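**Student:** Predicted model follows, preceded by the sequence.
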Amino acid sequence: MATTGTSRTPLTQLESWKALEEHYQKTKDIELRTLFAEDATRGERFTTEAVGLYYDYSKNRVTSETLALLQKLAQEVGLRERIDAMFGGEKINITEQRAVLHVALRAPKDQTILVDGQNVVPEVHEVLDKMSAFSDRVRSGEWKGYTGKRIRNIINIGIGGSDLGPDMAYQALRYYSDRDLNVRFVSNVDGTHFAEATRDLNPEETLFIVSSKTFTTIETMTNARTARAWTLKALKDETAIARHFVAVSTNAEEVQKFGIDTANMFGFWDWVGGRYSYDSAIGLSLMIAIGPENFRRMLAGFHEMDEHFRTAPFERNLPVLLGLIGIWYNNFFGAQTVAVLPYEQYLKKLSAYLQQLDMESNGKHVNEAGQDVNYQTGPIIWGQPGTNGQHAFYQLIHQGTKLIPCDFIGFYQSLNILPPHHDLLIANMIAQAEALAFGKTAEELKAEGSPEYQIPHRVCKGNRPSNTIFAERLTPEALGKIIALYEHKVFVQGTVWNIDSFDQWGVELGKVLAKRIIPELQSEQEPELKHDSSTNQLIQRYRQHKNHA
Ligand SMILES: O=P(O)(O)OC[C@H]1O[C@H](O)[C@H](O)[C@@H](O)[C@@H]1O
């Protein structure tokens, strides 16, 4: 079966890969300065626009030939078939034998997407309708707390995909949120997170949304139990729980065991990966904050990008281009990281969100056939919003010894019109991309008559690549499009690398070891420690110094 990738020619033996290696040797020293000087229209030609996103990839160290070879690579790895397999509900998450259908979460009602012969789109809309009805009740004040008070505080308890997505999107769409509602996110098993999130809140006015795909995640279950105790301490009646707790999960049995009425449970499916789930019921806290209509607008944005990805020719396909250009740096230039730099304060959690999306998906060292790969896979993703990052870490991007491809993301219009702020913000974004690409050579400084040309420290070599993505305004639709763009970029790269982008077995080992260590930290008797000497010592020290409740 083509989609398992087991029968695929090893990546490094593909014609296009070999050609790219040769092409890299020939072109690796080409300067962006030269590429722009040779082609006055480069800044127009090496751009594309789709679904309201303008993508300028001209400031990358690529020529038309590079792009053509990367396109050939996409063909040779069967990207088209792979896209069709995902959208067609095939079980492309092979290690877990699951379909990968986050795209179904935003499919319009009349679309048909089959999983094991069953159309899943009606179920998706059923849950959406249930979420919408519940959100409306909370927002209107019809859903009351146990003592009859209006709900004013929403606390999402979740971690990983059950936290980062809704939190990022809540921050991103804050402009559209109901300011009378306090929406907070508790994820860390560090009790401080819960304590600080609740210290100024009245339990009578607080609704907890326990979000966990599995409903077994230790952090989330611990925080949920603490939340229950906090609620009961004030309300002193078990029946109060039903008014103050709802659950989002795929695991009805565990939800029931925890004591949450499954009537107040919002479901989703095993074909939605945690890091791809915030547009499922995992987004309930977000929907309550921004309202069902805005949530659906966001889904429409996701869907527009899905359709673009599924149907647009690869040469004009945003996620394909973004993904392939990323491969060029990751696998040929040896770049280890990618900086995502949104020039938009509302996107302050975007890079944290993308870290999970990208690194949990493509941080794999075996291919789909279970063999060790002999090439680099997923990059390290990091970043901060501009302009803050400029005053912190950009120095290293400009003059350091590492190659760091950057994604700049900006909007033509600000949601908060306070002249001259937005002009200054965007001027900085454009200037950074320009400075990274073209720098300032000693010759240029000399030609300008600057005496600084003799000081090597003043020289910026340039030739630092970047993408720029421009959209009109940070609407719910725009957010959906940007997130779907990155989801599919991750998909494109995972396809090239022939890895399963949808499992996360590496996360498990730490969890298993933590379970073993917990009783060793807690037991009254001296435990028999059978770890390495460092681990034993750390456990002993903790036992000696911990505070006893
Ligand atoms: O939603 P949950 O089942 O609680 O899982 C929460 C998170 O924890 C796991 O460790 C995984 O690495 C993540 O992919 C997941 O999003």
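**Tutor:** Happy to help now that I have it.
**Student:** Does Asn294 belong to a helix, a strand or coil?
**Tutor:** Secondary structure, DSSP: H, G, I helix; E, B strand; the rest coil: Asn294 is helix.
**Student:** neighbours around it, how many?
**Tutor:** 20 (other C-beta atoms under 10 Å). No exception for glycine: its C-beta is placed from N, CA and C like everyone else's.
**Student:** Likewise for Thr262?
**Tutor:** Counted with other C-beta under 10 Å, Thr262 comes out at 12.
**Student:** Equivalent analysis for the one 4 residues further on, please.
**Tutor:** For Phe266, the neighbour count with other C-beta under 10 Å is 22.
**Student:** and the helix or strand encompassing it, what does it pack onto?
**Tutor:** In this structure, Phe266 sits in strand 265-267 according to DSSP states H and E. Under the contact definition 3 or more C-beta pairs under 8 Å, 6 or more residues apart in numbering; DSSP states H and E, strand 265-267 sits against helix 121-140, strand 245-249, helix 252-258.
**Student:** Now tabulate the ones you listed in TSV and tack on mean neighbour count and mean pLDDT.
**Tutor:** Shown next, in TSV, are the helices and strands packed on strand 265-267 (neighbours: other C-beta atoms under 10 Å; pLDDT from 0 to 100):
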stretch	mean neighbour count	mean pLDDT
helix 121-140	16	98
strand 245-249	26	97
helix 252-258	15	94
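**Student:** Name the residues of this structure found near the ligand, please.
**Tutor:** Contacts of the chain with the ligand, taken as C-beta under 6 Å from any ligand atom, map to 159-162, 212-214, 217, 220, 274-275, 360, 504, 507.
**Student:** Now with 5 Å, please.
**Tutor:** Residues of the chain that fall close to the ligand, judged by C-beta under 5 Å from any ligand atom: 160-162, 212-214, 217, 220, 274, 504, 507.
**Student:** Where neighbours are concerned, which of those has the most?
**Tutor:** That'd be Ser162 among the residues of the chain next to the ligand, by other C-beta under 10 Å, with 30 neighbours.
**Student:** That one contacts Thr220, correct?
**Tutor:** Yes: between Ser162 and Thr220 a contact is recorded at 6.9 Å, counting by C-beta atoms under 8 Å.
**Student:** returning to what we had before: next SSE downstream of the strand holding Phe266?
**Tutor:** helix 284-290.
**Student:** Overlap in contacts, Ser162 and Thr220.
**Tutor:** 211-212 (C-beta atoms under 8 Å, 6 or more residues apart in numbering).
**Student:** Looking at this structure, which residue reaches furthest from the middle?
**Tutor:** Gly449 (46.6 Å; C-alpha atoms, centre = their mean).
**Student:** for this structure, where's the lowest mean pLDDT among helices and strands?
**Tutor:** Across the helices and strands of the chain, mean pLDDT, DSSP states H and E gives its lowest value to helix 442-447, namely a mean of 90.
**Student:** closest one to Thr401 among the helices and strands packed on strand 265-267?
**Tutor:** Relative to Thr401, the nearest member of the helices and strands packed on strand 265-267 by C-beta to C-beta is strand 245-249, separated by 45.4 Å.
**Student:** ok, Glu65 touching Tyr24?
**Tutor:** No: with contact defined as C-beta under 8 Å, Glu65 does not reach Tyr24; the gap is 11.1 Å.
**Student:** okay, those two: which has more neighbours?
**Tutor:** Using other C-beta under 10 Å, the more surrounded residue of Glu65 and Tyr24 is Tyr24, with 16 against 13.
**Student:** what's the closest non-adjacent residue to whichever residue of the stretch 251-400 of the chain sits closest to the ligand?
**Tutor:** Distances between the stretch 251-400 of the chain and the ligand by C-beta to the nearest ligand atom are smallest at Gly274, namely 2.6 Å. Nearest residue to Gly274 in three dimensions, chain neighbours excluded: Gly161, at 2.9 Å (C-beta to C-beta, 6 or more residues apart in numbering).
**Student:** any low-confidence regions in the stretch 1-150 of the chain?
**Tutor:** Scanning the stretch 1-150 of the chain for pLDDT under 70 picks out 1-6.
**Student:** same thing but at 90, please
**Tutor:** Within the stretch 1-150 of the chain, the segments meeting pLDDT under 90 span 1-7.
**Student:** Now whatever residue of it ends up closest to the ligand: closest residue in space, sequence neighbours ignored.
**Tutor:** Here the residue of the stretch 1-150 of the chain nearest the ligand is Glu96; by C-beta to the nearest ligand atom that distance is 11.7 Å. The shortest distance from Glu96 to any non-neighbouring residue, by C-beta to C-beta, 6+ apart, is to Asp503 (5.5 Å).
**Student:** tell me, how many neighbours does that neighbour end up with?
**Tutor:** Using other C-beta under 10 Å, the number of residues around Asp503 comes to 18.
**Student:** and if you look at the one 10 residues further on?
**Tutor:** For Leu513, the count of nearby residues is 12 (other C-beta under 10 Å).
**Student:** Against which helices or strands is the host helix or strand of it packed?
**Tutor:** Element membership for Leu513 (DSSP H and E) is helix 506-522. Judged by 3+ C-beta pairs under 8 Å, 6+ apart, helix 506-522 is in contact with helix 218-235, helix 533-545.
**Student:** elements contacting the last one?
**Tutor:** Contacts of helix 533-545 with other secondary structure elements, assessed using 3+ C-beta pairs under 8 Å, 6+ apart, are made with helix 506-522.
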